[in-house]
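Using only what follows, build the 3D model:
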Amino acid sequence: MIFDTIKYLKFKQIYFRIYYSLRNRFRKVRGFRYPLAVEVTGRDIVFLNSIPALTSYEKGVLTFLNLSHQFDTNIDWNFAKYGKLWTYNLSYFDFLNQKNIEKNEGLRLIYDFIDNVKNIKDGLEPYPTSLRGINWIKFLTKYKIKDKKIDGCLYAQYHILLDNLEYHLLGNHLLENGFSLLFGAYYFQDEVLYKKAVEILKTELEEQVLDDGGHFELSPMYHQIMLFRVLDCLNLVQNNQWIVDSRWLIELLREKAEKMLGWLNAITYEDGTTPLFNDSANKIAPSTQQLKQYALMLNLKFNIQNSKLSKSGYRKITKQRYECIVDIGDIQADYIPGHTHADTFNFVLNIKNNHQPFIIDTGVSTYEAGDIRDYERSTKSHNTVEINNTNSSEVWRSFRVANRAKNIKSEENKNHIKATHDGYFKKFRIFHTREWFFYDDKIIVKDSLNKGAYGVFRLHFHPEIGEEEIKERIRTNNNYKITDCFVAFEYNKRIKSKALEIKFEKHLEVEILV
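Numbering: from 1, shown residues only. Next up, the predicted model:
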């Protein structure tokens with residue numbers, strides 16, 4: 001399993017994992033320490049009001065991922081009771097840009113971080129450093145704050161980041177490094193930071209934004225976050241003239257933003273919500289509507305139209321009575337699949353007169369390794385077929401994937417999609433073929449296994465959908481049972497719901513009335 005995971009990594013990832021590990025050991029022996037303050041002064045920049053952060057700090061209480069904590073005196077920036085993602089969120093400083101934060105309270109929190117910076121661990125890792133840099137600069141700019149202590153610590157953090165860029169991970173992590181370096185470059189008018197920022201952005205935006213506009217990690221939530229950063233960078237570059245020839249960068253950011261807006265518009269339901277494919281949860285990223293309004297506010301006259309979903313592997317079928325989104329794509333990107341699930345041929349369904357979704361993705365509630373994380377990434381927790389109690393792609397630990405299912409053959413037209421994947425072939429010599437037939441008043445799903453094997457077909461329903469409605473809308477000649485399970489619309493919130501389960505041999509047809 002380890003080999004089948006490592007073989008997909010890029011050489012650059014392996015090289016930098018080894019390089020950083022050896023370098024850190026050598027530096028530890030030498031007693032190396034980064035300077036945590038530098039004599040420097042930030043410059044005045046112009047930055048239009050962006051999308052405000054969700055409220056996470058109120059009357060001394062910090063709330064991230066639906067878990068709250070109030071520190072008795074000073075903040076413990078290494079607080080680990082709620083897991084590393086909570087600690088990361090604490091260090092992001094998103095709360096500096098929530099609507100109801102007061103200037104003096106924001107400054108107090110920044111000073112507290114600076115006074116404890118030499119003892120901080122997770123918060124000085126590249127990813128939280130990147131997000132914190134953007135948030136500090138937005139806050140300092142909004143209130144026109146000039147503070148040498150803050151500027152000196154911030155500049156030192158940027159040079160720590162510059163020395164630890166996440167080439168060993170790539171993906172959204174490295175892209176966040178690049179976004180933040182651009183903010184640091186403009187704030188400090190630092191050409192070294194600028195050169196590295198544009199090198200990363202040019203390379204990674206071309207790599208990570210697919211032809212149809214989707215972000216290549218195929219999570220609507222991360223897509224919204226990455227689009228938000230692109231728009232923030234547009235806001236920064238087009239309103240500041242430090243770099244004379246910035247026209248090419250504006251055009252690059254504009255082009256990617258427009259494509260990403262088109263994909264997001266296409267994947268978003270008519271009610272404004274987005275499906276929770278892969279690692280996605282509500283109340284983390286800005287909404288589609290917020291992002292569209294922000295784009296229009298930047299006065300770049302975006303042509304916000306639905307893209308034709310293709311490379312990302314998603315397809316959306318819209319009828320008068322329903323919206324259905326299916327996933328016939330492969331795991332992307334091969335070398336950073338940490339946010340992907342074993343969900344090949346998954347689909348979701350909104351029935352328009354239902355006032356809530358009908359068939360849903362079960363979402364994600366945690367990144368902590370364990371049974372819950374394993375279940376939420378499993379084939380069992382998605383609307384597809386499981387064989388021999390085995391995942392279609394080998395997801396393991398919190399963010400690992402070994403062998404993965406591939407769509408080896410597909411055909412589609414306006415009202416019909418057919419695809420075959422090989423996720424079970426290596427172990428069981430079985431190919432899974434699924435067909436969707438889309439009618440005005442129903443959807444027919446046909447599943448076929450290439451030999452006499454047993455499969456389990458599952459559908460997961462919104463918590464408000466009861467057994468009676470399931471029985472009214474789902475028709476099949478096979479016996480089925482309705483089981484209890486849970487869905488996770490937000491982190492650390494799991495809600496009881498129902499799932500339908502059908503065991504079948506070789507062939508199955510299910511009709512869904514809408």
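
Kindly format the C-alpha coordinates of the helix or strand where Asn177 lies as CSV.
Assigned by DSSP states H and E, Asn177 belongs to helix 171-188. Provided in CSV are the C-alpha atoms of helix 171-188 (Å, rounded to 0.1, in the frame of the first residue of the first chain):
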residue,chain,number,x,y,z
GLY,A,171,-1.4,21.4,-4.6
ASN,A,172,-3.4,24.0,-2.7
HIS,A,173,-0.7,24.3,0.0
LEU,A,174,2.0,25.6,-2.4
LEU,A,175,-0.6,27.8,-4.1
GLU,A,176,-1.5,29.4,-0.7
ASN,A,177,2.2,30.0,-0.2
GLY,A,178,2.3,31.9,-3.5
PHE,A,179,-0.8,34.0,-2.8
SER,A,180,0.6,35.0,0.5
LEU,A,181,4.1,35.8,-0.8
LEU,A,182,2.4,38.2,-3.3
PHE,A,183,0.7,40.0,-0.4
GLY,A,184,4.1,40.2,1.5
ALA,A,185,5.9,41.4,-1.6
TYR,A,186,3.5,44.3,-2.1
TYR,A,187,3.3,45.2,1.6
PHE,A,188,7.1,45.3,2.0
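
average pLDDT for that helix?
For helix 171-188, mean pLDDT is 98.

Packing partners of that helix?
helix 126-142, helix 148-162, helix 191-208, helix 220-238 (3 or more Cβ pairs under 8 Å, 6 or more residues apart in numbering; DSSP states H and E). (Glycine included, C-beta is placed from N, CA and C.)

buried ones in the shortest one?
When burial is assessed from 16 or more other Cβ atoms under 10 Å, helix 148-162 yields the following buried residues: Ile150, Asp151, Gly152, Cys153, Leu154, Tyr155, Ala156, Gln157, Tyr158, His159, Leu161, Leu162.

Packing partners of that helix?
Packed next to helix 148-162, using 3+ Cβ pairs under 8 Å, 6+ apart, are helix 103-115, helix 126-142, helix 171-188, helix 191-208.

among those, which is the most enclosed?
Looking across the helices and strands packed on helix 148-162 with neighbours counted as mean count of other Cβ atoms under 10 Å, the highest average goes to helix 171-188: a mean of 25.

Just want the angle from that helix to helix 220-238.
If you take axes from the mean of the first three to the mean of the last three Cα atoms, to 10 degrees, helix 171-188 sits at 20 degrees to helix 220-238.

and Tyr187, what does it touch?
By Cβ atoms under 8 Å, 6 or more residues apart in numbering, the contact list for Tyr187 reads Gly42, Arg43, Ile45, Ile137, Leu140, Thr141, Leu154.

quick one, helices of the chain?
Taking DSSP state H to define them, one finds helices in the chain at 2-6, 11-30, 84-92, 103-115, 126-142, 148-162, 171-188, 191-208, 220-238, 247-267, 288-297, 371-377, 425-428, 467-473.

Which among those is found nearest to Tyr480?
For Tyr480, the closest of these is helix 467-473, at 9.3 Å, according to Cβ to Cβ.

which helices and strands sit right next to that closest one?
By 3+ Cβ pairs under 8 Å, 6+ apart, helix 467-473 packs against strand 481-490, strand 493-505, strand 507-513.

Just give me how far it sits from the chain centre.
Relative to the chain's own centre, helix 467-473 is displaced by 33 Å; criterion: Cα atoms, centre = their mean, to the nearest Å.

right, and Trp242 touches Asp190 too?
No - look at Trp242 against Asp190 with Cβ atoms under 8 Å: they stay out of range, at 9.9 Å.

More neighbours: which of those two?
Legend: neighbour count by other Cβ atoms under 10 Å for Trp242 and Asp190, higher for Asp190 (21 against 16).

dump the residue contacts of the closest residue in space to the more buried one that isn't next to it in sequence.
Leaving aside its sequence neighbours, Asp190 sits nearest to Gly184 (Cβ to Cβ, 6 or more residues apart in numbering; 6.7 Å). The contact partners of Gly184, taken as Cβ under 8 Å, 6+ apart, are Gly133, Ile137, Leu154, Tyr155, Tyr158, Leu161, Asp190, Leu193, Ala197.

Now do the same contact list for the third one.
In this case it means Leu154. Neighbour list for Leu154: Gly42, Gly133, Trp136, Ile137, Gly184, Tyr187 [criterion: Cβ under 8 Å, 6+ apart].

The fifth one too?
Neighbouring residues of Tyr158 by Cβ under 8 Å, 6+ apart: Thr129, Gly133, Ser180, Leu181, Gly184, Phe188, Asp190, Leu193.

For those, give me a markdown table that also has distance to Pro357.
As requested, the contacts of Tyr158 are arranged in a markdown table below (distance: Cβ to Cβ, whole Å):
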| residue | distance to Pro357 |
| --- | --- |
| Thr129 | 37 |
| Gly133 | 37 |
| Ser180 | 35 |
| Leu181 | 39 |
| Gly184 | 41 |
| Phe188 | 46 |
| Asp190 | 47 |
| Leu193 | 44 |
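
Return the member of the residues you listed nearest to Leu252.
Distances from Leu252 to the contacts of Tyr158, taken by Cβ to Cβ, are shortest for Leu181, at 15.3 Å.

wait, the closest one sits on Ile200?
Yes - using Cβ under 8 Å, Leu181 makes contact with Ile200 at a distance of 7.0 Å.

Would you quantify the distance from Ile325 to Leu449?
24 Å (Cβ to Cβ, to the nearest Å).

Neighbour count: the two, which is higher?
Ile325 (24 against 21).

can you tell me how far that one sits from Thr268?
The gap separating Ile325 from Thr268 is 10 Å, by Cβ to Cβ.

Walk me through the domains of this structure.
Listed domain ranges for the chain are 52-164, 173-310, 314-513 (source: automatic domain parsing).

ok now the shortest one, how far from the chain's centre?
The chain centroid and the centroid of domain 52-164 are separated by 21 Å under Cα atoms, centre = their mean.

Equivalent analysis for stretch 248-263, please.
Centroid displacement of stretch 248-263 relative to its chain, using Cα atoms, centre = their mean, is 19 Å.

Alpha carbons only: can I get it in PDB?
Extracted in PDB, the C-alpha atoms of stretch 248-263 (Å, rounded to 0.1, in the frame of the first residue of the first chain):
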ATOM      1  CA  TRP A 248       0.300  40.300 -17.500                       C
ATOM      2  CA  LEU A 249      -0.300  39.200 -13.900                       C
ATOM      3  CA  ILE A 250      -3.700  40.900 -13.800                       C
ATOM      4  CA  GLU A 251      -4.600  39.100 -17.000                       C
ATOM      5  CA  LEU A 252      -3.500  35.700 -15.600                       C
ATOM      6  CA  LEU A 253      -5.500  36.200 -12.400                       C
ATOM      7  CA  ARG A 254      -8.500  37.500 -14.400                       C
ATOM      8  CA  GLU A 255      -8.500  34.600 -16.800                       C
ATOM      9  CA  LYS A 256      -8.300  32.000 -14.000                       C
ATOM     10  CA  ALA A 257     -10.900  33.700 -11.900                       C
ATOM     11  CA  GLU A 258     -13.400  33.800 -14.800                       C
ATOM     12  CA  LYS A 259     -12.900  30.100 -15.600                       C
ATOM     13  CA  MET A 260     -13.200  29.200 -11.900                       C
ATOM     14  CA  LEU A 261     -16.400  31.300 -11.600                       C
ATOM     15  CA  GLY A 262     -17.900  29.500 -14.600                       C
ATOM     16  CA  TRP A 263     -17.200  26.100 -13.000                       C
END
